[in-house]
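Novice: model the structure of this input:
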Amino acid sequence: MYRDFYTTLAQVLPVLLLALLWDSRYLDQLRRQARPSRRVDPAHGYFWTKPRVRAYSLTIASVIVTELAVVVFVLAGALSDSAALRAVLVAGLVLALATLLTRVAVDVFDATRPDPPAGAPATGAPTPAAPSTSAAPAARGAPDEAVGTCTVTDDGTPGRPG
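Specialist: Next up, the predicted model:
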């Protein structure tokens, strides 16, 4: 009777996971931002510091992947349908949708915020990454400790700073 509910969730959940984590370069933008905690910088600190964003994002991703597994098990007949199971799946879906709506709202407000006066730093804008502290230039592909990224060397292998 509720087979359409489960097949719809099986289609929606992966798209929702992609929208939350990989769409709109969210993780790239987050990597470039300096997000000091309010404890470190009471005037300009963030509640959503990088460790909190990491924990919340991984929790939401885990909820979505777990829900997807449960849906597949129900469709395969390994789990039986029940009202309680549907309620748990709907609650997880609502949590993921609320997270996506919040991210969209924050991105829209950030993108449409009035430009700061000339010469004034933009609040909340991504900050440039700190330059590498290595005396020698890092090889292409070397992980840059200050940025936390890794590129590929000319021969296609990961490199190390020189």
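Novice: doesn't A105 belong to a strand?
Specialist: No. Read with DSSP: H, G, I helix; E, B strand; the rest coil, A105 is helix and lies in no strand.
Novice: measure it to T66 for me?
Specialist: 26 Å (CB to CB, to the nearest Å). Using the backbone N, CA and C atoms, a C-beta is placed for each residue, glycine as well.
Novice: the two: which is more packed in?
Specialist: The residue with more neighbours, out of A105 and T66, is T66; 14 against 10, by other CB atoms under 10 Å.
Novice: can you tell me the closest non-neighbouring residue to that one?
Specialist: Excluding the flanking residues, the one nearest T66 by CB to CB, 6 or more residues apart in numbering is G92, at 7.8 Å.
Novice: could you say which helix or strand holds that neighbour?
Specialist: Per DSSP states H and E, G92 falls inside helix 83-111.
Novice: would you mark the buried spots in that helix?
Specialist: The neighbour-count check on helix 83-111 (16 or more other CB atoms under 10 Å) flags 85, 89, 92-93, 96, 99 as buried.
Novice: could you measure from the residue nearest to the spatial centre of the chain over to R32?
Specialist: Nearest to the geometric centre of the chain sits L21, at 4.2 Å (CA atoms, centre = their mean). Separation of L21 from R32 (CB to CB) stands at 17 Å.
Novice: quick one: contacts for V53?
Specialist: 30, 35 (CB atoms under 8 Å, 6 or more residues apart in numbering).
Novice: and what about it, helix, strand or coil?
Specialist: Here V53 is recorded as helix under three-state DSSP.
Novice: now it: how far from R35?
Specialist: Look at V53 and R35: by CB to CB, they are 8 Å apart.
Novice: count of neighbours near Y56?
Specialist: Y56 - counted by other CB under 10 Å - has 12 other residues nearby.
Novice: kindly report the same for R35.
Specialist: Other residues near R35 number 19, with proximity taken as other CB under 10 Å.
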